[in-house]
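Novice: okay, predicted coordinates and the sequence, questions at the end:
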Amino acid sequence: MIKELDYIILEHSTKDLEYIDYLTENITKLSKEIVDFFEIKNFGKKIHVKLFSTLEEFRKECIESAKKLYNLDSYELKDWVSGMSFPNGIYTLCLEEYRKTRSHNNASLDELLFLILHEFVHSCCRKKYGNTKHCAWLSEGLATTISHQYTQNNYEFNATLDEMIIGTSNYKDYHTMFSYVLKKYGRDYILNLLNNPELQKQETLKLYNEVLDFYKSKKEESKMKK
Ligand SMILES: [Zn+2]
């Protein structure tokens with residue numbers, strides 16, 4: 001079954017019927033926000049989003065596509081992965097199957113909505129900047145933040161610089177660093193970083209230290225209040 005939206009062709013199954021109107025309504029609203037953030041003028045081809053009706057099929061397609069994309073003989077797909085963005089589109093799951101992936105047993109419909117939008121952010125990023133590799137805090141911070149997936153920052157920030165660059169930390173930390181930078185330096189600065197990998201490398205150390213200091217002083221403040 002197919003739903004054609006402004007920027008997305010949504011392929012789904014009968015398993016999604018009871019909530020498909022809610023999904024499409026909110027995807028339409030929030031995907032526009034995301035496209036505007038990137039200032040994509042001519043969007044071109046719509047992004048194909050497939051909600052797989054079985055976890056097995058989803059996993060198989062993700063592994064095949066990842067192998068092709070990264071030119072690998074084998075690809076280890078973690079058991080919590082529930083959505084991926086590829087040059088030919090986005091793979092994710094119906095709500096029932098999404099709940100079968102690790103630590104998503106109680107996932108709500110909104111969590112599925114934000115997951116789709118998270119992957120949509122990656123697709124828009126690829127549309128605008130090609131396959132340029134970005135630091136984890138920037139690409140995942142962007143995806144978690146402008147999709148509205150995460151709105152709350154951590155109270156503490158203890159990730160290392162390396163983790164923030166290569167992506168071995170958690171999504172909450174990327175969101176915490178990204179939202180700090182967005183709030184302080186604004187959207188144009190973020191777009192500049194995305195467009196300029198050299199600048200991104202240079203700025204990351206400075207930004208990381210700022211975030212670290214900010215959370216250190218926040219912690220000390222809260223200690224003094226006690
Ligand atoms: Zn992501």
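Specialist: Received the coordinates, thanks.
Novice: just the C-alphas of stretch 137-147, formatted as CSV.
Specialist: Provided in CSV are the C-alpha atoms of stretch 137-147 (Å, rounded to 0.1, in the frame of the first residue of the first chain):
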residue,chain,number,x,y,z
TRP,A,137,27.5,14.4,17.4
LEU,A,138,26.6,16.4,14.4
SER,A,139,24.8,13.9,12.2
GLU,A,140,23.1,12.0,15.0
GLY,A,141,22.6,15.1,17.1
LEU,A,142,20.9,16.7,14.1
ALA,A,143,18.7,13.6,13.5
THR,A,144,17.6,13.3,17.1
THR,A,145,17.0,17.0,17.6
ILE,A,146,15.3,18.4,14.6
SER,A,147,13.1,15.3,14.3
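Novice: who touches the helix or strand residue 85 falls within?
Specialist: Assigned by DSSP states H and E, residue 85 falls within strand 83-86. Outside strand 83-86, the residues that touch it by CB atoms under 8 Å, 6 or more residues apart in numbering are 62, 65-66, 69, 90-93, 115-116, 118-120, 122-123, 126. Every C-beta, even on glycine, is put in place using the N, C-alpha and C of the backbone.
Novice: give me that answer again for 6 Å
Specialist: Strand 83-86 is contacted by residues 62, 65, 91-92, 115, 119, 122-123 when judged by CB atoms under 6 Å, 6 or more residues apart in numbering.
Novice: for those, which one is nearest the ion?
Specialist: Checking the contacts of strand 83-86 against the ion by CB to the ion gives residue 122 as the nearest, at 5.5 Å.
Novice: pLDDT value on the residue lying closest to the closest one once chain neighbours are set aside, please?
Specialist: Once flanking residues are discounted, residue 122 sits nearest to residue 85: 3.9 Å by CB to CB, 6 or more residues apart in numbering. Reported pLDDT at residue 85 in the predicted model: 95.
Novice: now residue 222
Specialist: Note for residue 222: predicted pLDDT of 82.
Novice: now swap in residue 131 and tell me
Specialist: If you check residue 131, the pLDDT there is 83.
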